[in-house]
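>>> kindly generate the corresponding structure for this input.
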Amino acid sequence: GNLKTTMVEYEKAMLGVQRVSQRMGVSQTQLSTTIERFTSSGLLDVTEVSAALKTLLSTGIGLPKATQLLQAMADAAAFNRQGTLEYGQALVGAAQGFKNMNSRMVDNAGITKNLNVILKEQAFAQGVAVKNMTEMEKKLAITEGLIQEGAMFKGDFARSVRTVSGAFSKQELAIEKV
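Alright, predicted model coming up:
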């Protein structure tokens, strides 16, 4: 019965992200390529990556930015996520935190700077007042800021795949898939 549950969860996740991406005008090929990029290592499963992407895409920031943001979060979460959180959970939570302007949820993935502080800094850098920004401009500014914050962890996702814990969670995922 376990495989059946996994398949149902997988289908639900895929349908969800496909629906949102279609609504946002994202090609299914690009979507699949992006999901593959994050799951090919075996450290993250399709269900979690799809859920995180769906959340990010639903904010309207577009696939390229959503991908960059997810990469920044994946790099940060590789070694800096809350100890109790599974890797995939940390990413799903961080994506929700971004969408709902909840710094604590983004913090769980290892990017600790407050979202309002990021927004103020980005607005200042652009020479605009936060109060004069549209919701979309704010979201894109925070996206940029989070990508910059994540830059200090660049490559950590790839590095974590090669660590012992990486090998261990890979094994764990493989067992779950059986």
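
>>> pull the longest helix from this protein.
Identified as the longest helix of the chain according to DSSP state H is helix 2-23.

>>> now do the buried residues in that one.
For helix 2-23, a neighbour-count test (16 or more other C-beta atoms under 10 Å) marks Thr6, Glu9, Ala13, Met14, Gly16, Val17, Gln18, Val20, Ser21 as buried. Every residue, glycine included, has its C-beta placed from N, CA and C.

>>> quick check, nearest of these to Asn132?
Asn132 lies nearest to Val20 out of the buried residues of helix 2-23, by C-beta to C-beta, at 28.9 Å.

>>> my guess is that closest one contacts Thr59. True?
No. Contact between Val20 and Thr59 fails when scored by C-beta atoms under 8 Å: they sit 9.9 Å apart.

>>> for the longest helix of the chain, packing partners?
Packed against helix 2-23 by the contact rule (3 or more C-beta pairs under 8 Å, 6 or more residues apart in numbering; DSSP states H and E) you find helix 28-39, helix 46-57.

>>> quick one: pLDDT of Ala37?
To be clear, residue 37 is Arg; Ala isn't right here. We note a pLDDT of 91 for Arg37 in this prediction.

>>> how many other residues sit next to it?
The tally of other residues near Arg37 (other C-beta atoms under 10 Å) stands at 14.

>>> show me the contacts for it.
Going by C-beta atoms under 8 Å, 6 or more residues apart in numbering, Arg37 touches Thr67.

>>> ok, it to Asn100 distance?
Using C-beta to C-beta, to the nearest Å, one gets 25 Å for the distance from Arg37 to Asn100.

>>> one step back: let's have the buried residues of helix 2-23 in a markdown table, adding distance to Glu48 and pLDDT.
Below are these laid out as a markdown table (distance: C-beta to C-beta, whole Å; pLDDT from 0 to 100):
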| residue | distance to Glu48 | pLDDT |
| --- | --- | --- |
| Thr6 | 12 | 73 |
| Glu9 | 10 | 80 |
| Ala13 | 8 | 81 |
| Met14 | 12 | 82 |
| Gly16 | 12 | 85 |
| Val17 | 11 | 88 |
| Gln18 | 16 | 88 |
| Val20 | 15 | 89 |
| Ser21 | 16 | 88 |
